[in-house]
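J.: structure for the following, please:
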Amino acid sequence: MFEYFLYQQDDGIVEKLSRKYTSCLFLLSSVLVLLIQRFQDPIVCSFPDVFSSSQISAGTDICFWKDNYQTSRKLSNEHDKIFNIHKWLPCILLLQAISFFLPCILWRIVYTLCGKNLSQFVNEINYCNTLESSDVRQRKLEILGSRILGRSSGFLSITYGLIKLLYLINAVGQMILLAFLLNWGTLLFKFAHFLPIPKESYLSLLVSCHYKIGKYEVSADCVLQSNHWNGAMACLLVIWLVALIPILLFDAILWLIDYCRWPDKFLREHLSSYNKEDEDLAQFKMFYLNRDTEFILKIIAENSGYFIVSELVWKLWDYFSGKFPYSSPDAPPYEITDDNEQSSI
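T.: Take a look at the predicted model:
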């Protein structure tokens, strides 16, 4: 289970934007907010002059932990009180970072259960790309080609599209959550209707704290200093997600179009040096490779390189043409080892 969390090359660049870069960005933001809260006074309150230093210290702790804030002294109703989440923002950002990685975990579980370890395929073809001996290189590509082939109904391709959709839904949901914490919905509504801009949010800067000591009620105006950085951090993350979501949406639409049309462009590019009939290419694609094998080749090409994948496609074409003994998609899998022999697994 631990290997699912390790660095692997098993998806496209757009998915890496979510599961790698966005997760790291939210994780670093969580750590930064935690350090700011740790080494900076998170809240500063003004108390009556008669308060001693110990009473001020105790009152500051109460105001920090009580979560009984109001946006001004004029508010007194219970429903006017706000719940300030500045203490929990590091945990929220950490959970958001994990959520951007969860679709990747699901994807790795699915293709592993299907017996098509994409990360292993990419690693093996990258290893083949480093071999200097042409004979050994060709032998290993033949073995790898026999392992990639297999009967399938396009399950991996469809699952990959659903994973793209999960990335998109997650990004939209996380952006809505951050915008909700910043109270952007009310701000945009009042701005559009020329109403006074509200100052309240779940990351408010100026608040009023109320608590009781015995029979005495104490009120203090407080400044949540940590929310200077919390609000700025949340705004930057929202801007990042606003830029990320159109990319995810455009990529999902392109995948859907490509899946419905199933064009020959990929195979034609890698088989450009072969003299082949369109009918042979159609049979090669539909009845020999099928959707999942072509999809695996595209993932390998995106993570390894054009030329080495072209060699692999040539080997598969040679299988299809009957030039190698393992010309059936049901050929037994083989394990690529460092010697020149191939061993059955």
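J.: pLDDT on the helix or strand encompassing Gly173, on average?
T.: In the assignment (DSSP states H and E), Gly173 maps to helix 155-181. The pLDDT scores in helix 155-181 average 91.
J.: same thing with stretch 42-61?
T.: On average, the pLDDT along stretch 42-61 is 84.
J.: residue ranges with poor pLDDT in the stretch 201-345 of the chain?
T.: 201-202, 270, 272-280, 286-287, 322-345 (pLDDT under 70).
J.: change it to 80
T.: Within the stretch 201-345 of the chain, the ranges that satisfy pLDDT under 80 run 201-207, 210, 212-216, 224, 226-228, 262-290, 305-306, 315, 317-345.
J.: circling back to that earlier point, buried ones in the helix holding Gly173?
T.: Across helix 155-181, burial judged by 16 or more other C-beta atoms under 10 Å covers 156-157, 159-161, 163-168, 170-171, 174-175, 177-179, 181. Where you see a C-beta, it was placed from the backbone N, CA and C, and this is true even at glycine.
J.: same deal with stretch 59-68?
T.: 59-60, 62-64, 68.
J.: next, Ser219: phi, psi?
T.: When quoted as degrees, to the nearest 10, the phi and psi of Ser219 stand at phi -120, psi 140.
J.: so how far is Gln37 from the closest residue to it other than its chain neighbours?
T.: Spatial nearest neighbour of Ser219, excluding adjacent residues (C-beta to C-beta, 6 or more residues apart in numbering): His210 at 5.2 Å. Look at His210 and Gln37: by C-beta to C-beta, to the nearest Å, they are 23 Å apart.
J.: so Thr268 sits against Phe284, correct?
T.: Let me fix one detail, which is that residue 268 is Arg and not Thr. No - assessed by C-beta atoms under 8 Å, Arg268 is found out of contact with Phe284, at 11.0 Å.
J.: which of those two has more neighbours?
T.: Using other C-beta atoms under 10 Å, the more surrounded residue of Arg268 and Phe284 is Phe284, with 21 against 14.
J.: which element is the closest residue in space to that one that isn't next to it in sequence on?
T.: Excluding the flanking residues, the one nearest Phe284 by C-beta to C-beta, 6+ apart is Phe320, at 5.0 Å. Phe320 belongs to helix 306-321 when assigned by DSSP H and E.
J.: elements contacting the helix holding Gly173?
T.: Other helices and strands packing on helix 155-181, by 3 or more C-beta pairs under 8 Å, 6 or more residues apart in numbering; DSSP states H and E, are helix 13-16, helix 89-113, helix 226-261, helix 290-304.
J.: ok, 10 Å please
T.: On a contact count with 3 or more C-beta pairs under 10 Å, 6 or more residues apart in numbering; DSSP states H and E, helix 155-181 meets helix 13-16, helix 89-113, helix 184-192, helix 226-261, helix 290-304.
J.: that helix to helix 89-113, inter-axis angle?
T.: Angle, helix 155-181 to helix 89-113, by axes from the mean of the first three to the mean of the last three C-alpha atoms, to 10 degrees: 170 degrees.
J.: could you number the chain from 7 rather than 1 from now on?
T.: That works, and once the first residue is 7, the last one we named lands at helix 161-187.
J.: Glu130 and Leu150, how far apart?
T.: 6 Å.
J.: neighbour count winner among those two?
T.: Leu150 (23 against 20).
J.: just the element for that one, please.
T.: Taking DSSP H and E as the definition, Leu150 sits inside helix 140-154.
J.: quick one: distance of that helix to the chain centre.
T.: The chain centre lies 33 Å from the centre of helix 140-154; the measure is C-alpha atoms, centre = their mean, to the nearest Å.
J.: list the buried ones in that helix?
T.: Buried positions in helix 140-154, judged by neighbour count with 16+ other C-beta under 10 Å: 143, 145-154.
J.: may I have it as CSV, with CA atoms only?
T.: Coordinates of each C-alpha in helix 140-154 appear next as CSV, following Å, rounded to 0.1, in the frame of the first residue of the first chain:
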residue,chain,number,x,y,z
SER,A,140,21.0,-2.9,-29.9
ASP,A,141,20.3,-6.7,-29.6
VAL,A,142,19.6,-6.5,-25.9
ARG,A,143,17.5,-3.4,-26.4
GLN,A,144,15.4,-5.0,-29.2
ARG,A,145,15.0,-8.2,-27.1
LYS,A,146,13.7,-6.4,-24.1
LEU,A,147,11.3,-4.3,-26.2
GLU,A,148,9.9,-7.6,-27.7
ILE,A,149,9.3,-8.9,-24.2
LEU,A,150,7.7,-5.6,-23.0
GLY,A,151,5.5,-5.6,-26.1
SER,A,152,4.2,-9.1,-25.2
ARG,A,153,3.4,-7.9,-21.7
ILE,A,154,1.5,-4.8,-22.8
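J.: so how many other residues sit close to Ile219?
T.: Neighbourhood size, Ile219 [other C-beta under 10 Å]: 11.
J.: perfect, that will be all.
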